[in-house]
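Participant: Generate coordinates for the sequence data below:
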Amino acid sequence: MFVGNSIYAGGQFAMLVLLAKLVRPELVGQYALGLAVVYPVMMLTNLQLRAVMTSGARRQTDFGHYLSLRLLTTSLALMIIFAITQVLRYGGN
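Facilitator: Residues are numbered from 1 along each chain as shown. This next block holds a predicted model:
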């Protein structure tokens, strides 16, 4: 888990560095705002299912149950994010 999280964090950092080098500062700010809106919602609805699934010692739950729950919570997160953007009046370009 540590290695996977480290690689993910490194990728996110590299993407931010590339954006800062390649595009206007306003677009980097829009990207940061998007992350600030989306990331907390996705983390709350993530439910740490990857860690739960990999640490399940008895394997009493099928993969399909994890997948169904992940799809349900991701759909819920997308609806919440859409509602936040509508309430706060964040529009597309």
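Participant: Spell out, range by range, the helices that occur in this structure.
Facilitator: Under the criterion DSSP state H, helices of the chain are mapped to 2-22, 25-46, 49-55, 63-87.
Participant: and the ones you listed, which one is worst for confidence?
Facilitator: Lowest mean pLDDT within these: helix 49-55, a mean of 73.
Participant: which secondary structure elements does that one contact?
Facilitator: helix 63-87 (3 or more Cβ pairs under 8 Å, 6 or more residues apart in numbering; DSSP states H and E). Just so you know, the C-beta spots here come from the backbone N, C-alpha and C atoms, and that holds for glycine as well.
Participant: Could you check how far the closest residue to Ala51 other than its chain neighbours is from Gly29?
Facilitator: The shortest distance from Ala51 to any non-neighbouring residue, by Cβ to Cβ, 6 or more residues apart in numbering, is to Met1 (6.1 Å). Going from Met1 to Gly29 by Cβ to Cβ, to the nearest Å gives 32 Å.
Participant: same deal with Leu44?
Facilitator: 24 Å.
Participant: what about Ser55, neighbour count?
Facilitator: By other Cβ atoms under 10 Å, 9 other residues sit near Ser55.
Participant: mind checking how far it is from Tyr66?
Facilitator: Counting by Cβ to Cβ, the gap from Ser55 to Tyr66 is 12 Å.
Participant: Check Gln12 too.
Facilitator: Counting by Cβ to Cβ, the gap from Gln12 to Tyr66 is 24 Å.
Participant: For these two, indicate the residue with more neighbours.
Facilitator: Set side by side, Gln12 and Tyr66 show more neighbours around Tyr66, with 16 against 12, by other Cβ under 10 Å.
Participant: my read: the more buried one touches Leu47, true?
Facilitator: No - the criterion here is Cβ atoms under 8 Å, and Tyr66 misses it with Leu47 at 9.7 Å.
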